[in-house]
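[1] only geometry, no sequence info:
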């Protein structure tokens, strides 16, 4: 999380604590886009049908064209005979007239046949146009329906894309504390950043005490640097001279802090002298001797001087104590308590030795909303234990003297709290509750002392990965059990049948019947007779006396005959249709029985294998105890599908795990 993209987007609410992110319920799948309707083949006048009609027309019109050609030929021959004076003019005119009549009748029959063909083709085109109009109307209706379905699908897809994929898992600021049990250093780094970043963005202040020696706050520091925040960071013991925590407290309060620190750093707590009240009284007396504003090194020198047998004596190694101070220390305790004072002085000096450089080089620094104090690996185990106890105890005293503020305006995160005694944690919890400061306690393990404090009071508990089987089992029991209804037997029978039949038919039959009969006849008869006759007496008359006879006959006949019979038939019949039949049948039966069982809400095995940034958040909700699984990865905040809107409502309406 670096750069401006790591800034929280949306509206962060100051009355909520953001613990992690919950995946939203997946939106309903819009499915694949609806398929467009198939484009039907629009009806067209069949070219084969046109060719067949034209071939039939040619066959049927052939006699008419033959008659027209014959008549034309006869007319031409008659005209040619008349011009050549082959015959009488009347006969030629008759032949020409007869030929023209025959040709006219043939042409008229051919023209009528052509008109009928054109009318038939026009009728067929009109019928096809009507059928095509029906097809186009059906296609337009299917296209409009598909457009509506696709628009609805696009709306569903856009709505699914707009729906957020991540919602925050939140805790109201009404809780006093959040206890974190388990987890790894990497998981704590993510959780700390997730918790602290929204508090800083909302104008709050965050104090982190890191006792894990693992630099858990590294990502939070990087985020603060990107936001322009200059945090106060102290890595102990290297930065102990710059740390002034607790040094500004009154002498009595500082004495209590040091006495409780020494008691917390003493795991044995053995002996009657190990009484924090006695130690606090001794330290308060030493502070009075040293005067106002003493350095921690001066207090340790006074303890070592007081621990010397025979009374304090000035030494070259202790030049910071004046003669008056040494004299006051020599008369500080009586003879009866001398040995007891010496023993406790040595013990306190040994326990508090790690705090020697505290505040020796402290300088005023600008206030910062983010303060981090962490124990480093360069310190010793005993020294880091003392430093951790002092940080927690001093912060407790500071909180006790601080005025009350709005809830969680001051957020304190103590990581590695299982390294501190229980009474130190109890005092810190009480002080934070009195000051209305938010407190986050992180426990790497949950021993019995921690187990009995998890969730105590008004607190929420967050469980992270617990690799130890015993601790995972204890955490599962801590989360609790619930009654569940389990199906012991289930019978489900579902059947369905679907029959869908679609058919269409198209038939076209064309026929034509026509009868034409023409008869032409022409006859021409011409006759011519000439005769001459002489009659002579019977016998021989050589000198011209007698009788004789002679005759000459001539006849001409012309006949023209033409007969024609034409039969033509055309029949037209068209039928088309669309038939659909559909049958749907379904049957379903379900039988089940329930049994009541009590089971763990979260199993031990699941707690052992949680992802490093996974958090099981347990808190009291409107409907009872809620267990929510969240991801504490703060980088989810930068995802496009993450939203902060309506977090409280979603938390209240979230179902139980």
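    That came in fine, so what should we check first? Note that the coordinates shown come from a computational prediction; the quantities given were computed from them, not determined experimentally.

[2] following the helix or strand hosting residue 278, which helix or strand comes up?
    Using DSSP states H and E, the element containing residue 278 is helix 276-290. Counting by DSSP H and E, the element after helix 276-290 in chain order, helix or strand, is helix 296-307.

[3] Could you pull up the mean pLDDT of that following helix?
    Helix 296-307 carries an average pLDDT of 84.

[4] Touching, residue 264 and residue 393? I think so.
    Yes. Counting by Cβ atoms under 8 Å, residue 393 is a contact partner of residue 264 at 6.7 Å. For the C-beta atoms, the positions are set from N, CA and C on the backbone; glycine is no exception.

[5] Are there residues contacting both of the two? Which ones?
    Both residue 264 and residue 393 are contacted by residue 424, under the criterion Cβ atoms under 8 Å, 6 or more residues apart in numbering.

[6] For residue 180, grab the count of nearby residues.
    Counted by other Cβ atoms under 10 Å, the residues lying close to residue 180 total 29.

[7] my read is it is in a strand, agree?
    Yes. Counting by DSSP: H, G, I helix; E, B strand; the rest coil, residue 180 is part of a strand.

[8] Against residue 216, how distant is it?
    Residue 180 sits at a distance of 11 Å from residue 216 (criterion: Cβ to Cβ, to the nearest Å).

[9] what do the two both touch?
    The contact sets of residue 180 and residue 216 overlap at residue 188 (Cβ under 8 Å, 6+ apart).

[10] now the one residue sitting closest to the centre of the chain: how far from residue 434?
    Among the residues of the chain, residue 161 comes closest to the average C-alpha position under Cα atoms, centre = their mean, at 5.1 Å. Here the criterion is Cβ to Cβ. By it, residue 161 lies 49 Å from residue 434.

[11] and what of residue 11?
    According to Cβ to Cβ, residue 11 stands 31 Å off from residue 434.

[12] And residue 300, by the same measure?
    32 Å.

[13] So which of those two has more stuff around it?
    Counting neighbours by other Cβ under 10 Å for residue 300 and for residue 434 shows that residue 300 has the greater number, 20 against 12.

[14] looking only at pLDDT, what's the mean for the lengthiest helix in the chain?
    Counting by DSSP state H, the longest helix found in the chain is helix 89-162. Averaging pLDDT along helix 89-162 gives 89.

[15] With stretch 403-415 instead?
    Regarding stretch 403-415, the rounded mean pLDDT is 94.

[16] Quick one: end-to-end length of that stretch, please.
    In stretch 403-415, first residue to last residue: 24 Å (Cα to Cα, to the nearest Å).

[17] From the rest of the structure, what touches that stretch?
    If you take Cβ under 8 Å, 6+ apart as the criterion, stretch 403-415 is touched by 17, 173-174, 188, 192, 195-196, 199, 204-212, 216, 392, 395, 399, 402, 428, 432, 434-442.

[18] got any ranges where this protein has weak pLDDT?
    1-10, 267-274, 309-339, 481-601, 645-657 (pLDDT under 70).

[19] how does it divide into domains?
    Following automatic domain parsing, the chain resolves into domains at 25-163, 167-247+367-465+610-657, 248-357.

[20] Of those domains, which stretch is the most buried?
    Sort the domains of the chain by mean neighbour count, taking mean count of other Cβ atoms under 10 Å, and domain 167-247+367-465+610-657 sits at the top with a mean of 20.

[21] Give me the distance between it and the centre of its chain.
    Centroid separation for domain 167-247+367-465+610-657 versus its chain: 32 Å, with Cα atoms, centre = their mean, to the nearest Å.

[22] swap in stretch 107-116?
    With Cα atoms, centre = their mean as the basis, stretch 107-116 stands 75 Å off its chain's centre.

[23] still on that earlier bit, JSON lines for the domains of the chain, including distance to residue 604?
    Supplementary listing: these in JSON lines, determined by distance: least, Cβ to Cβ, whole Å:
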{"stretch": "domain 25-163", "distance to residue 604": "27"}
{"stretch": "domain 167-247+367-465+610-657", "distance to residue 604": "11"}
{"stretch": "domain 248-357", "distance to residue 604": "30"}
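
[24] nearest to residue 478, of those?
    The closest of the domains of the chain to residue 478 is domain 167-247+367-465+610-657. By Cβ to Cβ, the value is 6.1 Å.

[25] helix or strand right after the longest helix of the chain?
    Moving toward the C-terminus from helix 89-162, the next helix or strand (DSSP H and E) is strand 166-172.

[26] Which elements pack onto that next one?
    Judged by 3 or more Cβ pairs under 8 Å, 6 or more residues apart in numbering; DSSP states H and E, strand 166-172 is in contact with strand 16-23, strand 614-621, helix 647-653.

[27] ok, now with 6 Å
    strand 16-23, helix 647-653 (3 or more Cβ pairs under 6 Å, 6 or more residues apart in numbering; DSSP states H and E).

[28] For the first one, which helices and strands make contact with it?
    Using 3+ Cβ pairs under 6 Å, 6+ apart as the contact definition, the elements that strand 16-23 packs against are strand 166-172, strand 624-631.

[29] possible to save those as TSV with distance to residue 143?
    Shown next, in TSV, are the helices and strands packed on strand 16-23 (distance: least, Cβ to Cβ, whole Å):
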stretch	distance to residue 143
strand 166-172	40
strand 624-631	47
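
[30] Please name the residues that touch the nearest residue to residue 639 once chain neighbours are set aside.
    Excluding the flanking residues, the one nearest residue 639 by Cβ to Cβ, 6 or more residues apart in numbering is residue 166, at 6.3 Å. Neighbour list for residue 166: 21, 636, 641-642 [criterion: Cβ atoms under 6 Å, 6 or more residues apart in numbering].

[31] Among the contacts of stretch 403-415, which are located in helices?
    In helices, judged by DSSP H, the following of those are found: 188, 192, 195-196, 199, 392, 395, 399, 428, 432, 434-435.

[32] From the residues you listed, pick the one nearest residue 612.
    Ranked by distance to residue 612 (Cβ to Cβ), these are led by residue 188 at 9.2 Å.

[33] For the closest one, which non-adjacent residue is spatially closest?
    Setting aside the residues directly before and after it, residue 188 is nearest to residue 216 in space (Cβ to Cβ, 6+ apart), at 4.9 Å.

[34] how close does residue 276 get to residue 76?
    For residue 276, the distance to residue 76 equals 151 Å [Cβ to Cβ].

[35] swap in residue 606?
    Residue 606 is 115 Å from residue 76, by Cβ to Cβ.

[36] wait, is residue 371 part of a helix?
    No. The assignment for residue 371, made by three-state DSSP, is strand rather than a helix.

[37] give me the beta-bridge partners of it?
    With DSSP bridges as the criterion, residue 371 is bridged to residue 207, residue 232.

[38] Looks like it contacts residue 207 (just checking).
    Yes. Counting by Cβ atoms under 6 Å, residue 207 is a contact partner of residue 371 at 4.8 Å.

[39] so what's residue 391 closest to, chain neighbours aside?
    Leaving out its chain neighbours, the residue that sits closest to residue 391 by Cβ to Cβ, 6+ apart is residue 209, at 5.1 Å.

[40] Please disregard the earlier target; I meant residue 378.
    The shortest distance from residue 378 to any non-neighbouring residue, by Cβ to Cβ, 6+ apart, is to residue 238 (6.3 Å).

[41] now do residue 251
    In this structure, residue 251 finds its nearest non-sequential neighbour in residue 287, 4.3 Å apart by Cβ to Cβ, 6+ apart.

[42] tell me the secondary structure for residue 58?
    With three-state DSSP as the basis, residue 58 sits in helix.

[43] how far away is it from residue 104?
    With distances taken as Cβ to Cβ, residue 58 is found 21 Å from residue 104.
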